[in-house]
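>>> I'll drop the sequence and a predicted model, then ask my questions.
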Amino acid sequence: MWFFNSQLTIHQFSNSPIHQFTKFMDREVLIEIGVEELPAAWLPALTRQLAERVKARLDEYRIPPDGPVESFGTPRRLTARVARIAERQEDLEETVSGPPVSAAFGADGQPTQAALGFAKKQGVPVEQLARVQTAKGEYLACQRRQRGRSAVDTLPDILTAVLRDLTFPKQMHWDAKLDDGRGELLFGRPIRWLLFLYGGRVVPVTIGRTAGASGPQVQDVQSGALTYGHRFLATSGRAGRSVKVRTFEEYRARLAECFVVLDHSERRDRIARDLEAHARRLGGRVHLKRHAPLIEEVADLVEFPGVVAGFYDRAFLALPEEVLTTTLVHHQHYFPVTTDGGALKEAFLAVVNTQPADERVIAKNAERVVTARLRDAKFFWESDRKVPLESRLERLDTVLFHKKLGSYRDKTERIERLAGWIAAEALGRPEDSRHATRAARLAKADLTTDMVFEFPELQGVMGGIYAEAEGEPEEVWKAIYHQYLPVGVEADSPPDRIQLGAATISWTALSLADKLDTVAGLSIAGERLSGSRDPFGLRRQLQGIVRILVDLHELTGLSAEPRIADLVARAGVGFGVQPDNWLPTVLADYAVAERARHLFRTRGFDFGELNAVVPPDFDGSPRRARLILSALQTLRGSEDLHALAILFKRVKNITKETATGGEIDRDALAEPAERALLEQIDARRPRVDAAVGRSDYRGAFAEIAGLRAPVDRFFTEVFVMAEDARLRSARLALMASLRDLVLHLADISEIIPQTE
Amino acid sequence: MVTLQQLVFKLSEFWASRGCLIQQPLDIEMGAGTMHPETFLRVLGPDHWNVAYVQPSRRPADGRFGENPNRLFKHHQFQVVLKPAPDEVQQMYLQSLEACGIDLRAHDVRFEEDNWESPTLGAWGIGWQVLFDGQEITQFTYFQQAGGVDLSPISVELTYGLERFAMALQDVDDVFDLEWAPGVTYREVRHRDEVEQSKYAFGQIDMPAAELHAVHRRLFDEYRAMSETLLRSGLALPALDYCLKCSHMFNLLDASGGIGVTERMAYILKVRQMAVAIARKWTGVEEIVKL
């Protein structure tokens, strides 16, 4: 093992007088895991994970960091730095319990075998054992004090543990092992070097190699004080050679000299600046906001970003913008350049991992790739349009949707009927039913086009574009175009009403029908959802359904409040399934309520409110739930509602056995307090119903809050569980009618914190 | 100007100097150099092995009658397999590019995530596509499994797409404009082959489509039966030959639209079962030889 700072010897870190001296030294910990290129998509989470795991392990090993753990990531390195850590573990004090005192000493006061055995095991005489009082009685105990090890002795275990801790979307075998008793070390990509410093001195850690691979070209990875710069760039000497460092400051500075920008945000900002500068030079601009995710991604594909401009033939501008953008952005990670007005120009910008002397050398090759792809796209654009969408339906027979559920042709027939029904019945717009049906009929036809075969991410979009080119009305083509949306749960995630134009209703019907059909079908086919298993992206489909139904009014202007259970049931009809037994199963198996709760949580509602309105068996109208939640949230401060909510818990408890809808035996109720409550309920019920009818849930809650005083008085003056059976049952029925009136809106008892 | 044939020489010399045996192509139709026994079988078992070879690769569905500047019925792969994967393999790979005349500082060479999987071979690996100024020129894979068998030690496979690589080196936009040898173009060497093979692949022959499909199906079944017989006889290598012929028949059926969706899966499964059985047999054979 090679130590960087060789004048220090190991005993300086042990318990010796010199130990005092070390307190003044820099106590920084620096870890760099040098890897072969990690996937860009993993880097943000991995970088976070590294800091979390280092922190957690330092805590676990009782060497708490003084300050935050910083972490950094580039494609070739994961770096963690702690400015200062304690120089030794905190001492550990623990009390080990032995036998009960009653069993520890005989009648003669002498220790029993149990006591002697415990003392021996702890390595102390019996008389030094302590006694502790517990809930179960008095026990013998031993106070143990374990002196902390020095940090330098502990750090190798910490890094070893952290290497084991890191998780990857996909991990690989690379003939590596750790000497921690657990054998092989899997990782995201092979580790090629480890930099591990404590106070400027190397902490020894070794990643071994398996016997079957080990040899002259496959060697152990031993920690050192070396890092490596950019693969290809160097100001002098050979690129990529090793660089010795002692501190984080030095590490970062030397890397910068060696063309490695350690910080993701610095790379990102440089890229954004360079893109803008280049675009201006071309007389155009780059839409930085729209392409923010791409900028984040390319920042993790490079260590030293540069920008190169490339061009393609103007003739390709005749292609749909979506095709050009997809080719550039999704396939090549290039940025389209637009005019100030937002129209595409025949230019793109490529982010590269270098700052080339001659941009054109790289640009020419990039242009060749772009041109080849666009030439293919142009060929597809021309050939696809020779076959109308309608006549492609037959070919959908050969495209499998699901082995138990048939082809996309079968699916098309189901969603045609379902979309028509949703428009006419669920949304109450029979006049839009025709457009919804037509859109559904053509929705999947683009799956047989060459363009979608080559650019799968354009499914739906291409169908919409081809439908428009064939002269289908906006109600139809825009519905097809946006059918796979929404993806996000936020209120402003696309599409919005402006994008949908005339297609608001037909799109809603198609988008719902497609997703509902998938959900119902997969349930019928017996597909299960579990932690990692999510066939057909079911969760996202369910989330999409909920999102549309929650924001139905904003998306369509309609006030309809379709229940999710009714929609799923209707989708089941398409497969010839009767909802009776199946419906509760699908709602429970796919945790439909949880999708709604998730959406509402992101919209700022808390658990109490969600429990009140969206219980785990929720199957109602998501839009209605949203309105009730909003009303409940604004009225939570109301003293009456709060007081009533507390009383309501009693109402619910007392009526646990009482059925819904029972007739109240009015003549049996004679006490003034119960007469008053009955009158109040009678008076307020129609007003609550009227408010609900207007979707005025604030008004409805206000009416209900008005019941607080009579309920309070009722519980003070009336004993519900009367001896007389008739009286008791009349009072219970009164309570049950109150219960049902409130539950129709929300279980308000849930908004009261458990402690009250 | 590096001609296509010089590219082969340079890569062969480079990898020979790094300890690779220079093998020759397998004389049987296949879709990728991975199916050559020098890769598919050698990555199995414990023995260290370093090898490089050119493999003509036939992909009937990519045939374009010699009219597309980028797509070919048959292209050429330069295949390198290093077992176990050396620690310096990325560095070695980059040096091979320099050996072909590339100035790494003037270009943008990147390793971008691209994992490889072959359902028909029961094989998969972790790795990258190597992008040369945005153009994929090499698939770089750490094999994890082949023939359904977990691998140890791990091999690395480098597959250079020779035509694409040469197009970047020669700065041409059309594969048929490549210079194969001084004064001889790719068009002169291969164009007629592309036209005729495409016609065959897409069924433009003097035989109705249904009949052509039937021939390919029958051949598939016969080759499969032969492969199974050979395997029963303990002969992994001849069995693999016939497995590859099955795979090619399947590719032809697929290209000419002779297979439905469900059937397609069934065919892939059949080839995979053969490949898995051959891989098992091969590792067994190796053990016996060692004893």
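It's in.

>>> Mind telling me what element residue A:350 is part of?
Using DSSP states H and E, residue A:350 falls within strand A:344-352.

>>> Next one: that strand, is it in contact with chain B?
Yes - shown here: strand A:344-352 in contact with chain B (C-beta under 8 Å from any C-beta of the partner chain) through A:350, A:352. Where you see a C-beta, it was placed from the backbone N, CA and C, and this is true even at glycine.

>>> how about the CA coordinates for that strand, as CSV?
The C-alpha trace of strand A:344-352 is given here as CSV (Å, rounded to 0.1, in the frame of the first residue of the first chain):
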residue,chain,number,x,y,z
LEU,A,344,-37.3,25.9,-37.2
LYS,A,345,-34.1,27.0,-39.1
GLU,A,346,-32.0,24.5,-41.0
ALA,A,347,-29.4,24.4,-38.2
PHE,A,348,-28.8,22.5,-35.0
LEU,A,349,-26.4,22.7,-32.1
ALA,A,350,-24.5,19.7,-30.7
VAL,A,351,-23.0,19.7,-27.3
VAL,A,352,-19.7,17.9,-27.4
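
>>> For it, the averaged confidence score.
Across strand A:344-352, pLDDT averages out at 97.

>>> chain center to it: distance?
Averaging C-alpha positions (C-alpha atoms, centre = their mean, to the nearest Å) puts strand A:344-352 32 Å from its chain's average.

>>> just stretch B:101-118 next, same as before
The answer for stretch B:101-118 is 19 Å, by C-alpha atoms, centre = their mean.

>>> buried set for that stretch?
B:102, B:104, B:107-116, B:118 (16 or more other C-beta atoms under 10 Å in any protein chain shown).

>>> try stretch A:528-540
A:529, A:538, A:540.

>>> before we move on, back to that, next, format the buried residues of stretch B:101-118 as TSV and append distance to chain A.
As requested, the buried residues of stretch B:101-118 are exported to TSV (distance: C-beta to the nearest C-beta, whole Å):
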residue	distance to chain A
B:102	11
B:104	5
B:107	6
B:108	4
B:109	7
B:110	6
B:111	4
B:112	7
B:113	4
B:114	9
B:115	7
B:116	12
B:118	17
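
>>> between the residues you listed, which is nearest residue B:275?
Minimum distance to residue B:275 across those is 8.7 Å, recorded for residue B:118 (C-beta to C-beta).

>>> So that closest one sits against residue B:34, correct?
Yes - counting by C-beta atoms under 8 Å, residue B:118 touches residue B:34, with 6.5 Å between them.

>>> Residue B:53 - that's part of a strand, no?
Yes - assessed by DSSP: H, G, I helix; E, B strand; the rest coil, residue B:53 belongs to a strand.

>>> Can you give me the neighbour number for the residue nearest to it when sequence neighbours are not counted?
With C-beta to C-beta, 6 or more residues apart in numbering or on different chains as the criterion, residue B:53 has its nearest non-adjacent residue at 3.9 Å, and that residue is residue B:23. Per other C-beta atoms under 10 Å in any protein chain shown, the neighbour tally for residue B:23 reads 18.

>>> ok, now the one 4 residues further on?
Per other C-beta under 10 Å, the neighbour tally for residue B:27 reads 7.

>>> Remind me which helix or strand it belongs to.
With DSSP H and E as criterion, residue B:27 is part of no helix or strand.

>>> pLDDT score assigned to it?
pLDDT at residue B:27 comes out at 97.

>>> Please name the residues that touch residue 112.
Here I'm looking at chain A. By C-beta atoms under 8 Å, 6 or more residues apart in numbering or on different chains, the contact set of residue A:112 is A:99, A:103-106.

>>> if you could check chain B rather than the one you did, that'd help
So residue B:112 contacts A:37, A:39-40, A:301, B:128-129, B:131 (C-beta under 8 Å, 6+ apart).

>>> Now pLDDT, distance to residue B:283 and neighbour count too, for those, in CSV please.
Below are these laid out as CSV (pLDDT from 0 to 100; distance: C-beta to C-beta, whole Å; neighbours: other C-beta atoms under 10 Å in any protein chain shown):
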residue, pLDDT, distance to residue B:283, neighbour count
A:37, 98, 32, 21
A:39, 97, 31, 22
A:40, 96, 37, 19
A:301, 97, 38, 24
B:128, 98, 28, 23
B:129, 97, 30, 20
B:131, 97, 35, 25
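
>>> Which member of those residues is positioned nearest residue A:30?
Nearest member of those to residue A:30, counting by C-beta to C-beta, is residue A:37, at 22.0 Å.

>>> Leaving out chain neighbours, which residue sits closest to that closest one?
residue B:111 (4.0 Å).

>>> May I have the helix or strand where the one you found lies as PDB, with CA atoms only?
When elements are assigned from DSSP H and E, residue B:111 belongs to strand B:109-113. C-alpha atoms of strand B:109-113 as PDB (Å, rounded to 0.1, in the frame of the first residue of the first chain):
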ATOM      1  CA  VAL B 109     -15.700  10.500 -29.100                       C
ATOM      2  CA  ARG B 110     -18.100   9.400 -26.500                       C
ATOM      3  CA  PHE B 111     -19.300   6.300 -24.700                       C
ATOM      4  CA  GLU B 112     -23.100   6.600 -24.400                       C
ATOM      5  CA  GLU B 113     -25.200   3.900 -22.600                       C
END
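
>>> closest point of the stretch 501-650 of chain A to chain B, which residue?
residue A:525 (14.9 Å; C-beta to the nearest C-beta).

>>> Contact partners for that residue?
A:402, A:404-405.

>>> how close does the spatially most central residue of chain A sit to residue A:543?
Taking C-alpha atoms, centre = their mean, the centroid of chain A lies closest to residue A:598, which sits 10.2 Å from it. As judged by C-beta to C-beta, to the nearest Å, residue A:598 and residue A:543 stand 7 Å apart.

>>> And for residue B:237?
53 Å.

>>> Go through stretch A:275-292 and flag the buried ones.
A:275, A:278-279, A:282, A:284-286, A:288, A:291.

>>> Out of those residues, list just those in helices.
A:275, A:278-279 (DSSP state H).

>>> Just the pLDDT for residue 44.
Assuming you mean chain A. Looking at residue A:44, the pLDDT reads 97.

>>> meant chain B, my bad for not saying
In this model, residue B:44 carries a pLDDT of 95.

>>> From residue B:148, how far off is it?
Taking C-beta to C-beta, one finds residue B:44 at 11 Å from residue B:148.

>>> if you count what's nearby, which of the two comes out ahead?
More neighbours surround residue B:44 than the other of residue B:44 and residue B:148, with 24 against 15 (other C-beta under 10 Å).

>>> how about that one, secondary structure?
Classified using three-state DSSP, residue B:44 is coil.
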